[in-house]
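Undergrad: the sequence and its predicted three-dimensional model are supplied below.
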Amino acid sequence: MILDIQKVHGSGNTFYLYETKNEKELDWANLAIWLCDKDIEHGADGLLVVSPSSNALAKMRVFNADGTEASMCGNGLRCVARYVLEKHNLPEGQIETMKAILHVAKEQPLAEGIPTYSVEISPVSFELTSLPMKYDNKTTLINEVNVALDEQLQFTAISVPNPHLISFVPKDLIATSSHQEKVASFLNGPNRICPDGVNVSYVYIMGPDEIYVRTFERGVGFTNACGTAMTASALVSRLLNYTSKEKITVMNPGGFVQCMVGIKQDDQYNLRLIGNATITALYTLKSEGAHYSFESKEETVEQLAYLKLSHEAKENHKTLFGD
Ligand SMILES: N[C@@H](CCC[C@H](N)C(=O)O)C(=O)O
């Protein structure tokens, strides 16, 4: 069987995107593990599966590099939004995800030659049961020290609806990644605090409307960017008054995005993630049972425009935090 498959990215968070008419066509976990292997076409962070939906334009499922399925993926949803909206020639629409139907739209390009899309990030919960996370008898963890993780750092637990643990850290904990790796590896191994694992982000405040976010993703490890983590971090930065604007620029190791953080009364939030949706290559993939091989590859030129845009972000990163 020959499959048409795209390689795409949002802020350098890389995925393969495949559309199927039949959600049971293949073992997606197995395919994700094969595609994300770093020895095959430099791997990827996950697999996005697009299938028919009876309630929206399409349905998105996301599989991490280790084959686990996640409830949501912000950078991936932008790429799926582009794929689906271009197919239907629509400026906006709705896409079904595991736990919510989300609004997506085409936006003004971030820069020339950069296809740009916005996606809704919802639902939001600070209840520890929503991650799930266990910490004594607490029901939430909001900017508090959790001694099981670190003696000093304060963490916030939030689901959007995939699980995130966020800490606002000093510059030295961004300049090196070992502290974050230790905490995240512990929480993503067998442990009682986050039994299903968690995406762990370290965040540095750069100004009233700018933050830097680096994420160790559940099921993947460090990625260039995690869309849900950046949006969750932007929300928490506003709730803690570390930032004060509705539009927050979020820098990341792969580039940058913009997050719109609307805070309504009664703890309701209106969150949108805006950023690139870049197609880097079109492949044909041969599947013989659970055995896969690439048959052909056609690179696009879109990545050149993206590299130009992200170059400046990477230079800023070097100036601020070193290599
Ligand atoms: N990279 C994604 C999130 C992918 C899922 C995550 N690793 C999880 O398991 O929750 C994003 O852009 O949000």
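TA: Looks like it arrived, so ask away.
Undergrad: from the ligand, how far out is the residue nearest to S122 when sequence neighbours are not counted?
TA: Distances taken as CB to CB, 6 or more residues apart in numbering place A100 nearest to S122, at 5.5 Å, with adjacent residues excluded. All C-beta atoms are positioned from the backbone trio N, CA, C, and that covers glycine. According to CB to the nearest ligand atom, to the nearest Å, A100 stands 13 Å off from the ligand.
Undergrad: isn't A100 up against P161?
TA: Yes. Using CB atoms under 8 Å, A100 is in contact with P161, at 7.0 Å.
Undergrad: of these two, which one has the most company?
TA: Neighbours around A100 and P161, counted as other CB atoms under 10 Å, are more numerous at P161. The numbers are 20 against 16.
Undergrad: so what's that one up against?
TA: By CB atoms under 8 Å, 6 or more residues apart in numbering, P161 lies in contact with S71, M72, M98, K99, A100, S122, P123, V124, S125, S130.
Undergrad: now pLDDT and secondary structure too, for those residues, in TSV please.
TA: Shown next, in TSV, are those (pLDDT from 0 to 100; DSSP: H, G, I helix; E, B strand; the rest coil):
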residue	pLDDT	secondary structure
S71	98	coil
M72	98	coil
M98	98	coil
K99	98	coil
A100	98	coil
S122	97	coil
P123	97	coil
V124	97	coil
S125	97	strand
S130	98	helix
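Undergrad: just the buried residues of the residues you listed.
TA: S71, M72, A100, S122, V124, S125, S130 (16 or more other CB atoms under 10 Å).
Undergrad: and which of these is nearest N13?
TA: Closest to N13 out of the buried ones among the contacts of P161 is M72 (13.0 Å), distances taken as CB to CB.
Undergrad: with adjacent residues omitted, what lies nearest to that closest one?
TA: Computed as CB to CB, 6+ apart, the closest residue to M72 that is not its neighbour in sequence is N162, at 4.6 Å.
Undergrad: so who does the residue nearest to S122 touch?
TA: A100 neighbours (CB under 8 Å, 6+ apart): M72, S122, P123, P161.
Undergrad: mind checking how far it is from L309?
TA: 30 Å (CB to CB, to the nearest Å).
Undergrad: what lies in contact with the lengthiest helix in the chain?
TA: Across the chain, the helix with the greatest residue count (assigned by DSSP state H) is helix 302-321. The contact list for helix 302-321 (CB under 8 Å, 6+ apart) reads 9, 12, 110-115, 171, 174-175, 204, 206, 212, 251-256, 276, 278-280.
Undergrad: repeat that for 6 Å
TA: By CB atoms under 6 Å, 6 or more residues apart in numbering, the residues outside helix 302-321 that reach it are A111, G113, I114, I174, A175, M251, G255, F256, T278, I279, T280.
Undergrad: excluding chain neighbours, what is closest to the second one?
TA: If I follow you right, that is G113. Once flanking residues are discounted, G113 sits nearest to A305: 3.2 Å by CB to CB, 6+ apart.
Undergrad: count of residues packed around the one you found?
TA: A total of 18 residues lie near A305 under the criterion other CB under 10 Å.
Undergrad: so for it, what's the pLDDT?
TA: At A305, the pLDDT value in this model is 93.
Undergrad: what residues does this structure have near the ligand?
TA: Within the chain, the positions adjacent to the ligand are 13, 46, 62, 64, 70, 73-76, 162, 199, 217-220, 226-228 by CB under 6 Å from any ligand atom.
Undergrad: please repeat the previous calculation with a cut-off of 8 Å.
TA: Counting by CB under 8 Å from any ligand atom, the positions of the chain adjacent to the ligand are 10, 13, 45-46, 62, 64, 68, 70-77, 162-164, 197, 199, 215, 217-220, 223, 225-231.
Undergrad: which of the residues you listed fall within strands?
TA: Members of those lying in strands (criterion: DSSP state E): G10, N13, G46, V62, N64, A70, P163, H164, N199, T215, E217, T223.
Undergrad: surely E96 and K59 touch.
TA: Yes. Counting by CB atoms under 6 Å, K59 is a contact partner of E96 at 4.2 Å.
Undergrad: who touches both of these two?
TA: In contact with both E96 and K59: S53, using CB under 6 Å, 6+ apart.
Undergrad: which residues in the stretch 151-300 of the chain form strands?
TA: With DSSP state E, counting those that start in this stretch as the criterion, the stretch 151-300 of the chain has strands at 154-159, 163-168, 199-207, 210-217, 221-223, 247-252, 255-264, 268-276, 278-288, 291-299.
Undergrad: what is the burial count for K264?
TA: Other residues close to K264 by other CB under 10 Å number 8.
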